[in-house]
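Asks: Here is a sequence together with a model predicted from it:
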Amino acid sequence: MELRLMFLLFIIFSFLGWTVEVLYTIFVLRKFSNRGFLIGPICPIYGVGALLMILLLKKYYDDILALFIMSTILGAILEYITSYILEKIFKIRWWDYNNKKFNINGRICLEASIIFGFLGVITVRFIYPLFRDVLLLLPNTALLILSIILFIMFITDFIISCNVLVKIKKADLSGIGDATNEITNRVRAALAHESILTKRLTGAFPNLKTALTNLKSLKKYRK
């Protein structure tokens, strides 16, 4: 697959993923939340996941059951790795499935993985062919220009968002007790005066949890 086509598909599926997340917050949580850690309306994990499913699972196109199972497994692996990397880098737990049945370290759960399985089937069999054919109708010059513009916007967004994440990582946590929820509340309160970009990030993850959950670290901050 051509590089610029892959990038445009990445942006498209990242936007569709963001849309799914927002609709979930509206209809299930009964509130609007601009999901994702980037400022713009995209969730890169969906873009990466979609591309991996397209590249690795297209051979299962005619076997829906196999496609569903492999999409479930691939989605779970991607979500676990993403959660682990984000926590190690920024010392923050972005989502937590500990209250869900059949979860692994709170990073993934059966319910979410099954949803990834259904999304994988829909992506590989229906959404990908549709957007691929539409993009291929565009002239090469238009594809190139569109790719460059979106790439610049994406990189700019990524840099600014990472700067916000660094602020969260360096937030003053002194004087906090040993309850993880209390730590989370204090972090959000400490960041309340920050820029609108920071508020957007903390609003996107209402269950934001610090990685300092082990007893030794909690004792340190209790002082």
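Replies: Sure, I can see it.
Asks: the strands in the chain, which residues?
Replies: 92-93, 103-104, 108-109, 209-210 (DSSP state E).
Asks: residues near T141, how many?
Replies: Applying other CB atoms under 10 Å, we find 8 residues neighbouring T141. To be clear about C-beta, it is placed using only N, CA and C from the backbone, and glycine gets the same treatment.
Asks: what's the distance between it and F151?
Replies: Here T141 is placed at a distance of 16 Å from F151 (CB to CB, to the nearest Å).
Asks: Kindly report the same for F7.
Replies: 7 Å.
Asks: Those two: who's more crowded?
Replies: F7 (19 against 14).
Asks: Find the nearest non-adjacent residue to the more buried one, please.
Replies: Distance criterion CB to CB, 6 or more residues apart in numbering; nearest residue to F7, sequence neighbours excluded, is S147 at 5.5 Å.
Asks: cool, T72 as well?
Replies: According to CB to CB, 6+ apart, the nearest residue to T72 is G117 (3.3 Å).
Asks: so what's that neighbour up against?
Replies: G117 is in contact with 68-69, 71-72, 75, counting by CB atoms under 8 Å, 6 or more residues apart in numbering.
Asks: Scan those and report the most crowded one.
Replies: S71 (28 neighbours).
Asks: Which residues are in contact with it?
Replies: 53, 57, 116-121, 123-124 are the contacts of S71 under CB under 8 Å, 6+ apart.
Asks: In CSV, list those along with distance to I12 and pLDDT.
Replies: CSV is the format used below for those (distance: CB to CB, whole Å; pLDDT from 0 to 100):
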residue, distance to I12, pLDDT
M53, 14, 95
L57, 18, 95
F116, 18, 93
G117, 20, 95
F118, 19, 95
L119, 14, 93
G120, 16, 94
V121, 18, 96
T123, 11, 95
V124, 14, 95
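Asks: what stretches of the protein score poorly on pLDDT?
Replies: 1, 34-36, 164-223 (pLDDT under 70).
Asks: hey, where'd the helices end up in it?
Replies: Ranges of helices in the chain, per DSSP state H, are 3-27, 44-57, 64-90, 110-122, 128-136, 140-169, 180-190, 196-204, 215-222.
Asks: Of those helices, which stretch is the most buried?
Replies: The highest average neighbour count among the helices of the chain, using mean count of other CB atoms under 10 Å, belongs to helix 44-57 at a mean of 20.
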